[in-house]
Structure formats: structure tokens, C-alpha cells
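Novice: Curious how this folds, go ahead:
(3 chains)
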Amino acid sequence: MSGNGLRKGGVALTVLGLIGLLAVYWLAFFWVSTEIRQGVAQRIFYVHVPAAWTAFLAFGIAALTSAMYLWLRDERLDRAAVSAAEGGMVFGTIMLITGPLWGKIAWGTYWNWEPRLTLTLLLWFIFLGYFMVRSATDNPEKGKRFAAVVAIVGALDIPFIHLSVVWFRSLHPEPVVLKPEGPSLPGDMLILLLASVAVFQILFFGLFLFRYSIENVRGEVESRAREATVA
Amino acid sequence: MRHVRRRRSIGLNGPGVATLPEAASPSKTVSEVVIKATGLVREFGSVVAVAGIDLELGAGEFLTVFGPNGAGKSSLLGLLGGSARPTRGTVSVRGEELDFGVEGWRHRIGVLSHKSFLYSELTAAENLRFFGRLFGLTDLATRVPERLEQVGLTSRAHLMVSQLSHGMRQRLALARALLHDPDVVLLDEPYTGLDPSAAAVLRGVLTELKDGRRTVIMVTHNLGEGLHLASRVAIQVSGRFAWEGEVAELDAANFERFYHCVVEGRT
Amino acid sequence: MAYLGQIRAIVWKDLLLELRTRERLVSMGAFAVLAAVLFNYAIDKTIVRPQDVAAGLIWMTIIFGGLLGVGRTFHLEAQNGAFQGVLMSPTPKDAVFLGKAISNFLLLYLVSLLVVAVFMLFFDLELGSSPTALALALGFGSLGFVSLGTLFAAVSSGTRMGETLLPVLVFPLLVPMVIYGVGATGRLLALRPVTEVAGSIRMLAAFAVMALGAGAFLFRFVLED
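Specialist: Residues are numbered from 1 along each chain as shown, chains lettered A, B, ... in the order given. Reported below is the predicted structural model:
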């Protein structure tokens, strides 16, 4: 895998993704029809939801590659994990910023413990733990292993968190409920949503490849440093 | 086949340099090899602690590893004792490779370090009983008092480790290391912090270890003690054995000079 | 069978050490009582009925107190490198974990019962519709908490940040335990029928099983060097 190729590919995809994102924004503001109940504010939906999906997808990738890293000890798996985790954290952050904004505009409150938003918040903290543990060890190999453990336990816990948070919400209903997306979406909204999801995936993989190539370089630097001390 | 290993020619002609010809020793069959390491490498990020070490020892051999600080001696011992995973290379004890998924080979290894591996708030006897249970020993009722007597701690069996002197703690630590009758005994700087009389006691006990059954590997800064007890010597510098061979090849009187030559010649 | 013997040896050793030093027992017990005292002053009884918030306060006290105790799990072990001696023994790493988790669980469960007793005393609470169900809820909750706590105590002990990292790692993961635990406890204290809390208790049990299993399996990756 040529490092240069990966980095260029990453940059290209990221640029493509950003252009796509601009297109999505434009379409979201000017093209798609307005949702009846929630009005114009609902349009953040097209950024908000794909960001959330991507964050969770990223976490899934991070957890899976972490588990494989612990099993096979291939450095590339750890690089994939950290790249995915970083991407996931970025998109999680996007969701945590757009979500409350939408809430404020649409319903007047920044935060109302909506289950998916809450789940993303907790996921964000699990990512935080991942990075904190990774950088808090003197021995970098230990940091990678610890981070992998954090990712795996996080992945095992997420279903429990999801169930419990949803159950809690059902007992303490708030006056406003996020409109669930689904097959009932009218045509143009569905198209835009899918397009937005595609754009976010492209953006994510762009960031992923870019970060992965950086990790490759870092690994290269480390192995050269090792050779230098031994020679 | 056992062979004398010389990493490179030191290029000195003074006293202290052995001038033995290469490999003239009898070969050793595989079944006699107790502990064997091949191509051991240990890396942490950009630091290489152990840069490729091979060794092979049979029963009754006593290898002392000398070397300056930072040479990676403790890392080597960690690899041989299975407390660290090698980045590359393998260690096997009596033919069984050290596989971290299976812990059975740990029965064969005992470790003594400058850390005592003892619980301060447990008594001497309780410490031995605890570790005995971890090793799956069933005869602790007789074994523990026996071992305490061997190291002269019978009268202190019911004292907490925190109440024991440093020398007594060291003796208890040794009893703990040997409790399960390991084939291989690893000693990591055991003379650290011992006054001359305690060191003499340790020397006595270690001499007894050379009973032909056990294989001992000792890492120490104490040139005198290390040389006295050894049957083989290695000098580790920057993660490699800069010199390795039998004690008979060395001129004991000038060993210190030889040691410094090897260490400086390498750097 | 040797496996169980090893676990038993570790549990016994931990309990013996705890009895001798009383390090964690006293600090966790004192914490429980003092926290209840502070909570008494933190609640304005003219606005809120203690009974309504007791369940939540009880669980938060257990969590914070538990964090104190679990965080120190590896401290006594680090002295003299005794734990390394354990790791160099043929005891499988999952057995070491289970031993530690069980001894932590016994300690925390005892403290959790103390917390409930103290809160009942200070806030004039009834034992509720089913002491058994309450004991089960506390038991499963403690087990899940202790499993995650022991695993991540080993992680945080291995970092430069030490125990300060433990809450960051563990709190997000404890959300289900708090939700189901407080849910069940609140209902029981409010004299609701046990059938209403069965689901929550089942979830607490499932959570505990997941945490214990994950901890036992992943512990070896945390410990190796």
C-alpha cells in the first residue's frame, strides 16, 4: 500500500465529500419540501441523522478492528481502529452540535434527553476514553491495547445503553418527540436523506484514509528509530 | 550443539581476554536443553530493549548476565520468565514454547527479584501458602514449614512481612521463588540493597541451587558474586550479548577489566 | 478444580488483607454514612419528599463509594510487586480477574447494604414491597459495577493518570445499571408489586453477566506487558 496513494486518496475523498456536503446543504435549504409538523427547522435532519449513523458505523469499525488487533496483533488493524475512532468522534461532535441547535430552533430546548442524542453523547465519551487511554501510557503498545479494550467493552455496552435509555424515555415522556425517519418519508426527502448518507460515508472514508496514512507514516518513523538505535 | 559464541573480536591482547579456539565442546542433545531462546526481540514503540538474543542452557548450568544499565537485562529476564511477550522470537522451557494462552509452563519457572513479590500484611507462612495454592500445590501443610526451615525463618513464620528485616524478606522471597521446585530459576539483581552479611547468606543459598538439577540465570551488577557462582557468563550491551561463553574461558582475576573492555568496545 | 482453588485463594487473600488493613472497608463505609448526611442537607424537604429521590441517591452513593474502593484494587498489589508474583504463577488471567472481582463484589455488596440501611434510617424509609427483590437488584448492580470497575481499574492503574481516569472510562458504561437499578429500587421502595421490577432485575442480571464475561476475557490483554 503506497503511503502517498492512500493520503492522496484520502484527501480526494474528503474534498469530494465536502463538495457533496455543500450540495446537500444547498438541497436541504432550497430544494427539498418542508416538513409539515416541524417546519423549516426539520431540515437539520439531513445533516444530523447521517452524522449519527456514521458515528455509530465508525465505532463499530473501531471495535471490530480493535478486537482483531488484540487477536492478530497486526499494527494495521490498530491504525484502522484509531482512524475510525477519530472519524467517529468528528461526526459524533457534529451530531452533538447540530442536535441541540435543532432542538432549540424547533422546540425551544437545547436538550431533552432524546434517546439517540443521549446515546451519541455517551458514545462520544467512550471515544474520549479511547483516546485518553491511548495517550496516557508510557509504553505506546500498552496504550493501543488499553484503547482496544475500551472500544470492545464500549461496543458490548452500547446495546444495553440504548435499551435502557429508550426504556427510560418511555417512562418519562417529554412533550416533544423526534420524528422517526422511515419508509413513510415522502419521495424527495428520502432521496435527499440517502444522498446525505452517501456523502457522509464518502467524507468519513476520506478522513479515515487520511488518518490511516498518517498512522502508517508514524509506524514507519518508529521502525526507523528502532533500527537507528540498534545499528 | 552447544557452541562458544563470540559476537566480534575485541582486538585486545592484554590479560583477561580468553584465547580459546572456536567450538570444541561436546554436543548436547535436545532432551538436555532446559531453557532455550531464539532470536528474542523486545521493542516498545521506538525503543529496542532486546535486539536479538539466543541462548540455550541445560540442567545444572548457572548463567550470569552482566551489563550496564539500559542494556536490557531486566527485559531479557522478563521475556525468559514469561512476564513479557517478545516482539519477535521464542522462548521454550523443556521443549514447551512459552505460549501466553496456556499457563502450564509457569510451573517450571521461579523468579527472584529485588522486589520481593510478597504481601506486607500477610505473614511469612500465609504468603507461602497463598502462592502455593496458586501453583496448585497440595502438600502445603508439610511443604511450607519445610521451606521456611530451609531458609531459617521457622521462628518468624507468623510474623507479617512488614515486620521482617530486608535480609529476612529476601530469604522468604527466595523460598517463594523455589516453592514449586521450578526447573529454571531467574534472579533479577538479587544482591541489590543487601549488606555484606546478607549477601553472604544469599551466596550460600544460591550455591546450593547449583545442585545439578536446576538451571539458573542471574542478572547482576555485582561482578564478584556473579562470576563466583556462574558456570557461564554473558555480557549484555544494547540489547545483545556482546560476549558469551563459559566461565572457564575467563581470567577471573582480570574480569573487571575485561568487562569494561567489552562494554566500551561495543559503544 | 485447580482453577476454582486459585480463585478461592485470591478471594481469601484479598479478604484477609482487607480485614487486616481495613483500608477500603472503613473509607467506603464512612463515605456511605457521610454522603447520606450531606444529601440530607442537600435536599430541601419542603420541596421534595426524600422518598421520591432516595432510590437515585442510594445508587449514586453506591457508585461513588464503589469507585473509591474499586479504584484501589491494585494498590495493595503494587507494593513489593506482589501482583507480578501472581501473574507469573500458572493462574489463568481470567481466574485472577474473577478472584479480584468476587472479592470486590463482596466488599461493595456489604457497603451497598450499609448504604440502604443508612438511608432508611436518615430518610425514614420503609424496606419496600420485597426485600428479596431489592437485595437482588443491589446484588446484580454491584456485580456489574465491580466487573467493569475492576477491569478499568487495571487499565487506569497502568496509565499516568491513574485512578482519575477511572470515572471517565466507567461512567458512560454504567448508565444502564443506574437506569435499571434506580428504576427497580424506586418502585420497590414505593411499594409497587415485584412483577413491575422483574424486567429491570433481569436486565441488571444480563448486564452483570456481560460485564463479568467481558472483564474475564479482556483482563489478559490489559495485564500483559
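Novice: Which residues are in contact with C:Ile179?
Specialist: Each residue near C:Ile179 by CB atoms under 8 Å, 6 or more residues apart in numbering or on different chains is listed here: A:164-165, A:167-168. For glycine as for every other residue, the C-beta is placed from the backbone atoms N, C-alpha and C.
Novice: Would you agree A:Gly143 is in contact with A:Val133?
Specialist: Yes: contact between A:Gly143 and A:Val133 holds when scored by CB atoms under 8 Å: they sit 6.6 Å apart.
Novice: quick one: the helix or strand of chain C with the lowest mean pLDDT near chain B?
Specialist: Lowest mean confidence among the helices and strands of chain C (mean pLDDT, DSSP states H and E): helix C:75-78, at a mean of 80. Yes: applying CB under 8 Å from any CB of the partner chain, one finds that helix C:75-78 is in contact with chain B at C:Leu76.
Novice: pLDDT score for B:Val33?
Specialist: At B:Val33 the predicted local distance difference test score is 84.
Novice: on that earlier part again, buried residues in the least confident helix or strand of chain C?
Specialist: For helix C:75-78, the neighbour count (16 or more other CB atoms under 10 Å in any protein chain shown) marks C:76-77 as buried.
Novice: out of A:Gly143 and A:Val133, which sits in the busier spot?
Specialist: When neighbours are counted by other CB atoms under 10 Å in any protein chain shown, A:Val133 comes out ahead of the other of A:Gly143 and A:Val133, with 28 against 21.
Novice: Okay, the residue nearest to that one when sequence neighbours are not counted and A:Thr98: tell me how far apart.
Specialist: Ranked by CB to CB, 6 or more residues apart in numbering or on different chains and with sequence neighbours excluded, the top spatial neighbour of A:Val133 is A:Phe146, at 4.5 Å. Taking CB to CB, to the nearest Å as the criterion, A:Phe146 is separated from A:Thr98 by 31 Å.
Novice: These two - which one has more neighbours?
Specialist: The residue with more neighbours, out of A:Phe146 and A:Thr98 and counting by other CB under 10 Å, is A:Phe146; that gives 27 against 19.
Novice: Close to chain B: what parts of chain A are there?
Specialist: Within chain A, the positions adjacent to chain B are A:139-141, A:221-222, A:225-226, A:229-230 by CB under 8 Å from any CB.
Novice: Kindly recompute the last result at 6 Å.
Specialist: Remark: the part of chain A in contact with chain B comprises A:139-140, A:222, A:225-226, A:229-230, using CB under 6 Å from any CB of the partner chain.
Novice: Show me where the chain has its helices.
Specialist: You didn't say which chain, so I picked chain A. Using DSSP state H, the helices found in chain A span residues A:3-26, A:45-72, A:75-107, A:115-135, A:140-171, A:187-230.
Novice: my bad, the chain I had in mind was chain C
Specialist: In chain order, chain C shows helices spanning C:2-21, C:23-42, C:50-71, C:75-78, C:82-87, C:93-123, C:131-157, C:165-189, C:195-223, with DSSP H as the criterion.
Novice: a markdown table please, covering those and showing distance to A:Leu6.
Specialist: Listed next are the helices of chain C as a markdown table, based on distance: least, CB to CB, whole Å:
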| stretch | distance to A:Leu6 |
| --- | --- |
| helix C:2-21 | 47 |
| helix C:23-42 | 50 |
| helix C:50-71 | 41 |
| helix C:75-78 | 42 |
| helix C:82-87 | 39 |
| helix C:93-123 | 37 |
| helix C:131-157 | 31 |
| helix C:165-189 | 32 |
| helix C:195-223 | 28 |
